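Peer 1: 3D, please:
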Amino acid sequence: MQFGRSYEEFEVGATYKHWPGKTVTEYDDHLFCLLTMNHHPLHLDAHYADTTQFGRNVVVGNYIYSLLLGMSVPDVSGKAIANLEVESLRHVAPTFHGDTIYGQTTVLDKWESTSKNDRGVVYVETTGHNQDGTVVCVFKRKVLVPRQNYLDARGGDQPGRPEPRPRD
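Peer 2: Numbering: from 1, shown residues only. The predicted structure follows:
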């Protein structure tokens, strides 16, 4: 199974559909809120949420962004040197407990580094949608990825991975 890509493996216009999706539970949402100290009652208080236009708790948007970013790692940034920039982040529709999130990333552009010949920048857009196909989150980012010569100089696709030894 491939984990990330080298600069040469990215093609402008390619779309990677991330698999599997993730069903968001109330526990996921509440734990993320508590870990990040986001105590807004729309996310944590079901009685309060009943009084809003949504009529129920809304999953905190940064969890959905983080989930989609994580889903994209095997296809996009698994070999990345650095995530350089999140250019835009839009929460298009609410996500609710029990929704299943799916993501896909499209390569918008790429260019070689001007300062080092062993890497390049890949510009991508990730879109997340729920089980009904409703788009819930869209973000664009720039990722610094290695060229193949960078990987080869450091041990290939899985640097530092030990080989199994025969049992005594």
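Peer 1: From here on, just use CA atoms for contacts and neighbour counts.
Peer 2: Noted.
Peer 1: Spit out the contact partners of the residue most central in space within the chain.
Peer 2: Nearest to the mean C-alpha position of the chain, by Cα atoms, centre = their mean, lies residue 69 at 1.2 Å. Shown in contact with residue 69 (Cα atoms under 8 Å, 6 or more residues apart in numbering): residue 126.
Peer 1: That one: which element?
Peer 2: Taking DSSP states H and E as the definition, residue 69 sits inside helix 61-72.
Peer 1: List phi and psi for the closest residue to residue 123 other than its chain neighbours.
Peer 2: In space, and not counting its chain neighbours, residue 123 is closest to residue 142: 4.5 Å by Cα to Cα, 6 or more residues apart in numbering. Dihedral angles of residue 142 (phi, psi; degrees, to the nearest 10) stand at phi -120, psi 130.
Peer 1: How about residue 142: which residues does it bridge to?
Peer 2: Residue 142 has these beta-bridge partners by DSSP bridges: residue 85, residue 123.
Peer 1: Make sure it is actually in contact with residue 81.
Peer 2: No. Between residue 142 and residue 81 there is no contact under Cα atoms under 8 Å: 11.3 Å.
Peer 1: between the two, which one's more packed in?
Peer 2: Between residue 142 and residue 81, counting by other Cα atoms under 10 Å, residue 142 is the more crowded of the two (19 against 14).
Peer 1: contacting residues for the more buried one?
Peer 2: Applying Cα under 8 Å, 6+ apart, the residues contacting residue 142 are 83, 84, 85, 86, 87, 121, 122, 123, 124.
Peer 1: mind redoing it with 10 Å?
Peer 2: By Cα atoms under 10 Å, 6 or more residues apart in numbering, the contact set of residue 142 is 82-87, 108-110, 121-125.
Peer 1: Which of the three states applies to the closest residue to residue 139 other than its chain neighbours?
Peer 2: In space, residue 139 comes closest to residue 89 once its chain neighbours are excluded; the distance is 4.3 Å by Cα to Cα, 6+ apart. Three-state assignment for residue 89 (DSSP: H, G, I helix; E, B strand; the rest coil): strand.
Peer 1: Surely residue 89 touches residue 66?
Peer 2: No. Look at residue 89 against residue 66 with Cα atoms under 10 Å: they stay out of range, at 11.2 Å.
Peer 1: hang on, the earlier thing: quick check, nearest of the contacts of residue 142 to residue 149?
Peer 2: residue 121 (15.2 Å; Cα to Cα).
Peer 1: Is that closest one located within a helix, as I assumed?
Peer 2: No. Counting by three-state DSSP, residue 121 falls outside a helix, being strand.
Peer 1: Not counting its neighbours along the chain, what's nearest it?
Peer 2: residue 144 (4.6 Å).
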